[in-house]
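Colleague: after the sequence you'll find the predicted model.
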Amino acid sequence: MNEKITLILAQMAALENDLRTAVHEQESKMFFQIKGKRVEFESSVKAAHRKLKKNFFRWLVTDRPQNLITGPIIYAMIFPLMMLDICVSFYQWVCFPIYGITRVRRADYIVFDRRHLGYLNFIEKFHCTYCEYGNGLMSYMAEILARTEEYFCPIKHAHKILGTHTRYNRFLDYGDAADYEAKLEEYRVALGKVK
């Protein structure tokens, strides 16, 4: 990888850290604190949230009918998602220690915290829980697959692709065969040091 690309990647990483810090500072201004896995709002914010909450019957009448009609289709997807979760978790549990790859922590990707929002009724909280699980699972799987790809074939594609994972930009350029085996070993060793 040339120096310019390495420099740009370092700048991107610094900007991502700055963004995380800015988002965290903004969250602090929203009058809540994170205590372990709980999110606690100030009492005035809690009271304002309760006033905004729609009761179930009002929500049912005002919600879009197509959402109710397609609900069973959406929620039936929980079974393939859970099966995928079990299979991918089992794969990394068994194979990552053999390869020397640091395991991906589910808790870093699958987070259930929207249930602490007082302005959501129980149906809305249920929807949020489903989405938190589904999207968190996809991110968790993407990181497991990214580490697997980095271990076995850390080579960029010749064609431009959309939606690459965070490790992709560090991969070897397509067709860069010089010292491939040595570079591959460097990637593999580094995967055991991921925090």
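Modeller: Looks like it came in fine.

Colleague: could you pull up the mean pLDDT of the top helix by length along the chain?
Modeller: In terms of residue count, the longest helix belonging to the chain (DSSP state H) is helix 122-152. Helix 122-152 shows a mean pLDDT of 94 in the predicted model.

Colleague: check which helices and strands the next helix or strand after it sits against.
Modeller: Elements were assigned by DSSP states H and E; along the chain past helix 122-152, the next helix or strand is helix 180-191. Counting contacts by 3 or more C-beta pairs under 8 Å, 6 or more residues apart in numbering; DSSP states H and E, helix 180-191 is packed against helix 122-152. C-beta coordinates here come from the backbone N, C-alpha and C atoms, glycine included.

Colleague: what helices or strands is the helix it packs on leaning on?
Modeller: On the basis of 3+ C-beta pairs under 8 Å, 6+ apart, helix 122-152 makes packing contacts with helix 56-62, helix 78-99, helix 180-191.

Colleague: next structured bit after the first one?
Modeller: Pointing back at helix 56-62 there. Toward the C-terminus, helix 56-62 is succeeded by helix 65-76 as the next helix or strand (DSSP H and E).

Colleague: residue nearest the centroid of this protein?
Modeller: Geometric centre of the chain, nearest residue: S139, 3.6 Å, by C-alpha atoms, centre = their mean.

Colleague: excluding residues flanking it in the chain, which one is nearest it?
Modeller: Spatial nearest neighbour of S139, chain neighbours left out: Y109 (4.5 Å); criterion: C-beta to C-beta, 6 or more residues apart in numbering.

Colleague: ok, that neighbour to R20 distance?
Modeller: Distance of Y109 to R20, given as C-beta to C-beta, to the nearest Å: 15 Å.

Colleague: so the two - more neighbours on which side?
Modeller: Neighbours per residue (other C-beta atoms under 10 Å) separate Y109 from R20, with Y109 holding more: 17 against 10.

Colleague: contacts only, for the more buried one.
Modeller: Contacts for Y109 were tallied using C-beta atoms under 8 Å, 6 or more residues apart in numbering; they are G136, L137, S139, Y140, E143.

Colleague: let's see that with 10 Å instead.
Modeller: N135, G136, L137, M138, S139, Y140, M141, A142, E143, I144 (C-beta atoms under 10 Å, 6 or more residues apart in numbering).

Colleague: looking at those, which is nearest I69?
Modeller: Nearest to I69 among these is N135, at 22.6 Å by C-beta to C-beta.

Colleague: and the gap between the closest one and M82?
Modeller: Taken as C-beta to C-beta, the spacing of N135 relative to M82 amounts to 15 Å.

Colleague: likewise for L117?
Modeller: Taking C-beta to C-beta as the criterion, L117 is separated from M82 by 25 Å.

Colleague: name the residue in these two with the higher neighbour count.
Modeller: Looking at L117 and M82 with other C-beta under 10 Å, you find the greater number of neighbours at L117, namely 16 against 12.

Colleague: thinking the more buried one is in contact with E132, fair?
Modeller: No. Here L117 does not reach E132: they are 11.7 Å apart, not a contact under C-beta atoms under 10 Å.
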